[in-house]
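K.L.:
fold the following, please.
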Amino acid sequence: MLGTGRPLVKPVALLFAVPMPRKSTQLSVADEQAAPGGAAAVDKAVTVLAAFRAGDGPLSVTELAERTRLYKSTVLRLLASLAHGRLVQRTADGRWGLGPELARLASIYSASFSLEDVVRPEMRALVERTKESVAFHVRQGDQRLVLFRVDSPQLLRDHVRVGDLLPLDRGAGGRVLMAYSGARGRVYDQVRRDGYLMLLGDRVAGLAGISAPVWNAAQELVGALTLTAPEQRLKPSFVDELRRSAQRLTRQLGGKVAGP
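P.N.:
Model prediction:
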């Protein structure tokens, strides 16, 4: 009782107040990779699909929540929408796998896909930035084929043409292809560790080569992107330029960038 003679009564709202849940301080993958000007719900749905990795079977809601850093309740709502579009499907044991609509879209993409349309623009952009020659090599038996080539605008350069066959065991491009075909040795271990290779005079005296692998959605080696330049024109920045181009190509082909 107070001095006024009236009993102490707490407001009803305070008696029945329920603590509000704390907002997570951890950013979700969708928050970190949000598309500028995009829709947050779509960003979240995309991260759920991207949570499936090569070799995965169906995943539980808990696993998807951990990989996306989203609440389970959010993941369940997203799965319901994705399942409606047949992008995911629920298994008999309550887990979730990728749906048949993705296979249909993949077949359409494969039918309309041209490797040259993806690779050449990036090669031209790399030549524009460095003013040096760039080639895309693929393995052909015990040799490597120059599948695409963009020449340096400078007169002093290596004169390699599309369709030329070069050795696998000499030159940065060849050694990158060998490294990811299981070749053993210090230089190949270095490629697999660093994700690229720079060599001086390995194929032609006075010629420097920098090469990095390009991967597809199945994490298969598509080829080696290689920049060549006379040693006297070689700049440290060429390594980063070449690697960034190879990584962009990998992403465009659906692959995941690995390594340092």
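K.L.:
hey, where'd the helices end up in this protein?
P.N.:
Per DSSP state H, the chain carries helices over the ranges 12-15, 29-32, 40-50, 61-68, 72-84, 100-112, 115-130, 172-179, 186-194, 237-252.
K.L.:
what does the last one rub up against?
P.N.:
Applying C-beta atoms under 8 Å, 6 or more residues apart in numbering, the contact partners of helix 237-252 are 118-119, 122-123, 125-126, 129-130, 132, 134, 195-196, 198, 210-216, 222, 225-227, 229, 256-257. (Each C-beta comes from the backbone N, C-alpha and C, glycine too.)
K.L.:
same question for the second one.
P.N.:
With contacts defined as C-beta under 8 Å, 6+ apart, helix 29-32 is touched by 40, 43-44, 46-47, 50-51, 67-70.
K.L.:
just the buried ones from those residues?
P.N.:
The neighbour-count test (16 or more other C-beta atoms under 10 Å) marks 43-44, 46-47, 51, 67-68, 70 as buried among the contacts of helix 29-32.
K.L.:
out of those, who's nearest residue 35?
P.N.:
Ranked by distance to residue 35 (C-beta to C-beta), those are led by residue 43 at 5.9 Å.
K.L.:
show the contacting residues for the closest one.
P.N.:
30, 33-35.
K.L.:
in ChimeraX, select just the buried ones from these.
P.N.:
Restricted to buried positions by 16+ other C-beta under 10 Å, the ChimeraX selection for those reads:
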select :30,34
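K.L.:
now the contacts of residue 43 in JSON lines, with pLDDT?
P.N.:
Converted to JSON lines, the contacts of residue 43 look like this (pLDDT from 0 to 100):
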{"residue": "30", "pLDDT": "86"}
{"residue": "33", "pLDDT": "85"}
{"residue": "34", "pLDDT": "88"}
{"residue": "35", "pLDDT": "86"}
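K.L.:
residue ranges with poor pLDDT in the stretch 101-250 of the chain?
P.N.:
Along the stretch 101-250 of the chain, the model assigns pLDDT under 70 to residues 109-113.
K.L.:
circling back to that earlier point, quick one: which of the contacts of residue 43 is nearest residue 169?
P.N.:
residue 33 (40.1 Å).
K.L.:
from memory the closest one sits against residue 40, does it?
P.N.:
No. Contact criterion C-beta atoms under 8 Å: residue 33 and residue 40 do not qualify, at 11.4 Å.
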